[in-house]
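S.K.: after the sequence you'll find the predicted model.
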Amino acid sequence: MISIRGAREHNLKNLSLDLPKHQLIVFTGVSGSGKSSLVFDTIAAESQRHLNETYDSFIRHRLPHYGQPDVDSIAHLPVAIIIDQKRIGGNARSTVGTATEIFTLLRLLYSRVGKPFVGYSNVFSFNNPVGMCPHCQGLGTADHIDIDALIDKNRSLNEGAIDFPSFQPGGWRWKRYVYAGLFDNDKKLKDYTTEEWDLLLYADDLTLANADPHEYPKTSRYEGVIPRFERSFLKRDTDEIKGKNKLRFQQVVSQGTCPVCKGTRLNEKILSCRIDGKHIADCAAMQVDELLVFMRGIDARPADTVRQAIVNGLQHLLDIGLGYLSLDRETATLSGGESQRIKMVKHLGNSLSDLVYIFDEPSVGLHPGDVDRLNGLIRQLRDKGNTILIVEHDPDIILTAEHIVDMGPRAGEQGGEIVYQGSLEGLKAAGTLTGEALARRNTLKADPRKATGQLSIKNARLHNLKNISVNIPTGVLTVVTGVAGSGKSTLINRVLSKQHPTVRLIDQSALTGSKRSNLLTYMDMADEVRRMYAAKHKVSASLFSTNAAGACPECKGLGVITTDLAFMDAVEETCEVCNGSGFKPEVLQYELAGKNIHELLRMTVAEASRFLTRESLQRPLVQLAAVGLDYIRLGQPLSSFSGGERQRVKLAAELQNSGQVYVFDEPTTGLHLSDIGKLLQVFDNLIAQGSTVIVIEHDLQVMSQADWIIDMGPGAGHEGGTVVFQGTVQDIVTDKHSLTGRYLKAYSER
């Protein structure tokens, strides 16, 4: 048993529990109930902290820093491997192949088996100067200057034919051309000879014989517009193109595939080395499932161990539902769910055991069919002698658990307790929110709403879409589904939004605001609250802001003082001057109905609803509660919100609008089973106000209540991009070609 005693991190109420090792344990409960505080902030943090302390100070300084959690003791704790949803990120040189290290193996294979021999494995890297394309430096993309946008041929040099700031008449760059002695400065550029045109644009490093001695620098050599523009703006990051000239720069310069390497990132010599007719960039551009077939078919006897290692890595990617990716896909373009699954690949093939693997909602972004495969992979990790801890809302993962810890009973101050611990059958009878949701009989919508019209998508060919046309009904709830990579997001987020620009996309991207922004400021409530305090005490409203006159001078309004101890963990201490409030101590003497501004910011949305009774403040609070965010504190920084929380905050801000077409991208992310019903009610209210709701979703509960369903597929990547089914929920469950239909049918029979 992993034995935890006296856990008090965040809202945990002095918890003590024992977790059986070598089992699959799922932690459930509403958002804000304390699941992450227990699993990540207590168990994982303590394991990582002790592990890091085993390294010397040089290495420890370069590892993530974990503070000591608020817990009395944790005994028999294995080393924790955290596989979270944080995007892998990285720059343009980080790809799926480099992140999984499969491309490293591929480089080794080509250096051993490829013909002709061009060098050892390092030369096959697009990050190596020997192997990279010299034009794009291994990025695969290059900046392209639109000459027609930069040059107005209907003007002369004196009239400002070079249409870019600092090249305009009077500018110092303009003088390099009009005083060069090479051109008739009043001649329209459209009348230039071929020689004059090339001289103006492309000549480089020329010595001038007839330059104006008073206006042209004596030591300066002539440089055409294009090489000068490239040197000044493309080869270095200047302030000229960051500020007021940024928009003009974007109109003149676009980024596209490198014209030299055609996007392969490598030079001609490296690409001459082939295996069975394919160079290494061909392999990197293939879908994982196609590359797997190719790798299995090649003869690599001198390096067959390497080939088999590549096959194993590709098979893991396929098993985990990522067969539609290619090794050259940039990691920055991956979703959180895709990033988490790629992290899993590293661990599936290792020989370690007696670890504790910790997953954060691994079902995010996965079709029910992919969740089945994910469950199999997680069981593989467990069967190697490991303990698996999963924070999850998806019933398909909860149903596979050997041990369940249900947190609650609700969120925030009303959470932080263990309301049930044991088997699945016991949970269903426990009467908790999770147990009741799992025990509920599932039904399919029998009386769908009638459409008021339709939105037509015509001849969609972007990415893997196969020239499809589809009509989306208006005035109803449409759910677009299909396996990951089937083309759902491309069809709706990209094509629909382009063909119908008035569509409002409510996604999980970051909320606008500074690092000091919070829920109160985002919902436009902060100014009114500050004015209420100011009016009562007849002082300035800026006193009640940690960004203005009210900020504590010691911590600058942050509430904490951070001390960097170099090779030791940074120490973050509560500011002694303001006691963590971020306000000057004198500000906290001003109260409203017995609460100072700091106490108000510590309130949850539910608590604030009882305190802030003005109608103008009640409205946003009611809207936040309607989307299941009543547990969030008013002062919680926007930067700490999860993707699902960010999306629901945006949704809350839209609830007073009507007659819109809304697109939601997986809005159930991070939502407890009991809150999905609330979300569906919000969608019903939007539709009742005359709006249209289109949802990209994998959740079976949401699918089951759709008025219209569009199923994309049948597979991912090249095997997707078509409409497998469109119609009602009642009809999809009888469609033999729809994988979604099969899972919906099984869902309705639970």
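M.R.: Received the coordinates, thanks.
S.K.: quick one: residue 282 from residue 114, how far?
M.R.: 12 Å (C-beta to C-beta, to the nearest Å). Glycine gets a C-beta too; all of them are placed from N, C-alpha and C.
S.K.: tell me which of the two has more neighbours.
M.R.: Comparing residue 282 with residue 114 by other C-beta atoms under 10 Å, the one with more neighbours is residue 114, at 22 against 16.
S.K.: helices of the stretch 651-750 of the chain, start to end?
M.R.: For the stretch 651-750 of the chain, helices defined by DSSP state H, counting those that start in this stretch occupy the ranges 673-688, 700-704, 729-732, 739-748.
S.K.: just the stretch 501-650 of the chain next, same as before
M.R.: With DSSP H, counting those that start in this stretch as the criterion, the stretch 501-650 of the chain has helices spanning 519-522, 526-537, 597-601, 605-611, 615-626, 643-652.
S.K.: coming back round to it: most packed of the helices of the stretch 651-750 of the chain?
M.R.: helix 700-704 (a mean of 22; mean count of other C-beta atoms under 10 Å).
S.K.: quick check, residue 449 in contact with residue 474.
M.R.: No. Counting by C-beta atoms under 8 Å, residue 449 does not reach residue 474; the two are 10.5 Å apart.
S.K.: quick one: which of these two has more around it?
M.R.: Set residue 449 next to residue 474 and count neighbours by other C-beta under 10 Å: residue 474 wins out with 18 against 15.
S.K.: list the residues that contact the more buried one.
M.R.: The contact partners of residue 474, by C-beta atoms under 8 Å, 6 or more residues apart in numbering, come to 451-455, 661, 692.
S.K.: is it in a bridge, and if so with what?
M.R.: Following DSSP bridges, residue 474 is listed with bridge partners residue 453.
S.K.: and the gap between it and residue 732?
M.R.: Distance, residue 474 to residue 732, using C-beta to C-beta: 20 Å.
S.K.: and residue 134, by the same measure?
M.R.: 53 Å.
S.K.: and the helix or strand of the chain with the lowest mean pLDDT, how far out from the chain middle?
M.R.: Least confident element among the helices and strands of the chain, by mean pLDDT, DSSP states H and E: strand 571-574 (a mean of 76). For strand 571-574, the separation from the chain centroid amounts to 30 Å (computed by C-alpha atoms, centre = their mean, to the nearest Å).
S.K.: other SSEs contacting it?
M.R.: strand 560-563 (3 or more C-beta pairs under 8 Å, 6 or more residues apart in numbering; DSSP states H and E).
S.K.: what are the pairing partners of the strand it packs on, and which direction each?
M.R.: Counting by DSSP bridges, strand 560-563 is paired with strand 571-574 (antiparallel).
S.K.: output the partner strand as CSV, nothing but the C-alphas.
M.R.: Below are the C-alpha coordinates for strand 571-574, written out as CSV (Å, rounded to 0.1, in the frame of the first residue of the first chain):
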residue,chain,number,x,y,z
VAL,A,571,11.8,29.4,-2.2
GLU,A,572,8.4,31.1,-2.5
GLU,A,573,7.3,32.7,0.7
THR,A,574,4.1,34.5,1.6
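S.K.: list the contacts of it.
M.R.: With C-beta under 8 Å, 6+ apart, strand 571-574 has contacts from 67, 559-563, 565, 580.
S.K.: try 7 Å this time
M.R.: 560-563, 565, 580 (C-beta atoms under 7 Å, 6 or more residues apart in numbering).
S.K.: minimum pLDDT in the residues you listed, which residue is that?
M.R.: Least confident of the contacts of strand 571-574 in the model: residue 565, at 59.
S.K.: closest one to residue 207 out of the contacts of strand 571-574, please.
M.R.: residue 562 (57.8 Å; C-beta to C-beta).
S.K.: could you measure from the closest one over to residue 60?
M.R.: 18 Å.
S.K.: and the two? Which one has more around it.
M.R.: Applying other C-beta under 10 Å to residue 562 and residue 60 shows that residue 60 carries more neighbours, namely 15 against 10.
S.K.: quick check: end-to-end length of stretch 202-220?
M.R.: Start-to-end span of stretch 202-220 (C-alpha to C-alpha, to the nearest Å) is 17 Å.
S.K.: what sits up against it?
M.R.: With C-beta under 7 Å, 6+ apart, stretch 202-220 has contacts from 175, 179-181, 221-224, 226-227.
S.K.: do that again at 10 Å, thanks
M.R.: 172, 175-182, 195, 199, 221-228, 231 (C-beta atoms under 10 Å, 6 or more residues apart in numbering).
S.K.: which parts of it are buried?
M.R.: 203, 208, 211, 216 (16 or more other C-beta atoms under 10 Å).
S.K.: low-confidence ranges in the stretch 201-350 of the chain?
M.R.: Residues of the stretch 201-350 of the chain meeting the criterion pLDDT under 70: 236-244.
S.K.: again, only this time at 80
M.R.: Counting by pLDDT under 80, the ranges of the stretch 201-350 of the chain that qualify are 235-247, 335-337, 346, 348-350.
S.K.: so which residues of it form helices?
M.R.: Going by DSSP H, counting those that start in this stretch, the stretch 201-350 of the chain shows helices at 225-229, 246-252, 268-271, 280-285, 288-297, 304-319, 336-348.
S.K.: got the angle for the fifth one vs helix 304-319?
M.R.: Looking back up the chat, that one is helix 288-297. On the basis of axes from the mean of the first three to the mean of the last three C-alpha atoms, to 10 degrees, helix 288-297 is oriented at 150 degrees to helix 304-319.
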